[in-house]
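Visitor: sequence and predicted structure, then a few things I'm wondering about:
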Amino acid sequence: MPELPEIEIVKRSLFKMINKAKIIGIKINNKNLRYKIPNTFSNELINEKILRISRRSKYLILHLKRKLLLIHLGMSGKILLMRARDAAIFKTSFYYNVDKTSKHNHIYFTLNNGFILIYNDVRRFGFFKLFYNIDLNKIPFIKKLGPEPFSKSFNKKYFKNFIKNKIKNIKNLLMDQKFVSGLGNIYVNEILYMCKINPLKSCKNLSSGEIGQLIINTRAVLKFSISKGGSSIRDFKNTLGKTGKFQQFFHVYSMENKNCSRISCKGKIKKMFISKRSSFYCNKCQK
DNA sequence: AGGCATGTTACAGG
DNA sequence: ACCTGTAACATGCC
């Protein structure tokens, strides 16, 4: 999936284009996402106004009157915005499965401001789920999440306290959404490279300085990626169907056998698997 | 052909 | 109850 920066990019463009718009039409082509879309779904959303759009970790939230629509993009979900008049021009490829990707358009929202929102997801690991009269922080998916990387509560004291009695390696720790929420495989690899820390290093052996560096670089890497529109490896597209640019700045992710990008370092980027996930690191500066 | 892919969860076993 | 690791979900790409 899209990790935190990619969701943030989507959130920003949804805010710009469809905040305060009203949902005036819903069409569902495939209910079988990660959670099956109930038959009542369309009735509950029709004529609802989008009052606010927010992000928590890798989740998008559309705030409606007394309802929250929680959206997760899974591994390959995309939200596309199209002007209704353009959709009409491309009607054949838009509504019918003539092109390769449109057969994975699962949900359409027609909005009263001239836009159509399309949910497209090849692997269907993503989901749309509606909650009534509930605080965002009490939603099952949200309530177990650790702090946002940019929040004040993600600090050295919290970090040190969390890793007490833990035997995890640092890579799996950063991947743990209960520890810090929003990071995934790409960004964890990049953050550890920035910190010059080996992904297998046990979190109980981290120095206080390294913990500080991990917090600083987590924020720096995410922020820089957001400024580049997120990363697109294979799937990620923003709401206009454009790819992000952060992948051009990867130091380690997918860079197996390349030279380390630190000029003074003569190391090579190596690949290994940690908990079944590919991990990339420099064999010299991440000893 | 088979392994791999930005994620999460349910489950088994300790 | 907690912790850890693994398999599964569905599809496409190399």
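Guide: Yep, that arrived. Fair warning: this is a prediction, and the values are worked out from it, not measured in the lab.

Visitor: for the rest of this, base every contact and every neighbour count on C-alpha atoms.
Guide: OK.

Visitor: any weak-confidence spans in chain A?
Guide: The model of chain A has pLDDT under 70 over residues A:1, A:87-100, A:235.

Visitor: remind me, longest helix of chain A?
Guide: helix A:208-227 (DSSP state H).

Visitor: and the contacts of it?
Guide: When contacts are defined by C-alpha atoms under 8 Å, 6 or more residues apart in numbering, helix A:208-227 is touched by residues A:4-6, A:8-9, A:149-150, A:154-156, A:159-160, A:187, A:190-192, A:194-195, A:231, A:245-246.

Visitor: quick one: it near DNA strand B?
Guide: No. Residues of helix A:208-227 contacting DNA strand B under C-alpha under 7 Å from any atom of the strand: none, with a closest distance of 12.0 Å.

Visitor: mind listing what's buried along that helix?
Guide: A:211-219, A:221-222, A:225-226 (16 or more other C-alpha atoms under 10 Å).

Visitor: from those, pick the one nearest DNA strand C.
Guide: Closest approach between the buried residues of helix A:208-227 and DNA strand C, by C-alpha to the nearest atom of the strand: residue A:211, at 17.7 Å.

Visitor: coming back round to it: okay if I get the buried residues of helix A:208-227 as a markdown table plus distance to residue A:75?
Guide: A markdown table is the format used below for the buried residues of helix A:208-227 (distance: C-alpha to C-alpha, whole Å):
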| residue | distance to residue A:75 |
| --- | --- |
| A:211 | 29 |
| A:212 | 30 |
| A:213 | 29 |
| A:214 | 25 |
| A:215 | 25 |
| A:216 | 27 |
| A:217 | 24 |
| A:218 | 21 |
| A:219 | 22 |
| A:221 | 20 |
| A:222 | 18 |
| A:225 | 18 |
| A:226 | 18 |
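
Visitor: about what we covered before: what's the distance between the longest helix of chain A and the middle of its chain?
Guide: 17 Å (C-alpha atoms, centre = their mean, to the nearest Å).

Visitor: who in the stretch 101-250 of chain A is up against DNA strand B?
Guide: Proximity of the stretch 101-250 of chain A to DNA strand B (C-alpha under 7 Å from any atom of the strand) is limited to residues A:125, A:141, A:177, A:182-186, A:231-236.

Visitor: distance of residue A:230 from DNA strand C?
Guide: Distance of residue A:230 to DNA strand C, given as C-alpha to the nearest atom of the strand, to the nearest Å: 20 Å.

Visitor: figure out the helix or strand that that residue lives in.
Guide: When elements are assigned from DSSP states H and E, residue A:230 belongs to no helix and no strand.

Visitor: need phi/psi at it.
Guide: Residue A:230 adopts backbone torsions of phi 80, psi -180, taken as degrees, to the nearest 10.

Visitor: can you check residue A:185 too?
Guide: Per degrees, to the nearest 10, the backbone of residue A:185 is at phi -60, psi -40.

Visitor: contacting residues for it?
Guide: Neighbours of residue A:185 in contact, by C-alpha under 8 Å, 6+ apart: A:175, A:277-279.

Visitor: if we use 10 Å, what do you get?
Guide: Contact criterion C-alpha atoms under 10 Å, 6 or more residues apart in numbering gives A:1, A:3, A:171-172, A:174-175, A:253, A:277-280 as the residues in contact with residue A:185.

Visitor: just residue A:5 next, same as before
Guide: Neighbours of residue A:5 in contact, by C-alpha under 10 Å, 6+ apart: A:11, A:57-58, A:182-183, A:187, A:221-231, A:244, A:246.

Visitor: circling back: pull up the pairing partners for the next helix or strand after the longest helix of chain A, direction included.
Guide: The helix or strand immediately downstream of helix A:208-227 is strand A:269-274, counting by DSSP H and E. When pairing is defined by DSSP bridges, strand A:269-274 lines up against strand A:277-282 (antiparallel).

Visitor: so is the partner strand next to DNA strand B?
Guide: Yes. Strand A:277-282 comes into contact with DNA strand B (C-alpha under 7 Å from any atom of the strand), by way of A:277-278.

Visitor: not counting that strand itself, show me its contacts.
Guide: Against strand A:277-282 from outside (C-alpha under 10 Å, 6+ apart): A:171-172, A:185-186, A:188-190, A:192-193, A:196-200, A:251-262, A:265-274, A:287.

Visitor: Produce a ChimeraX select command limited to the buried residues of those.
Guide: In ChimeraX syntax, the buried subset of these is picked out as below (16+ other C-alpha under 10 Å):
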select /A:171,172,185,186,188,189,190,192,193,196,197,198,199,251,252,253,254,255,256,259,260,267,268,269,270,271
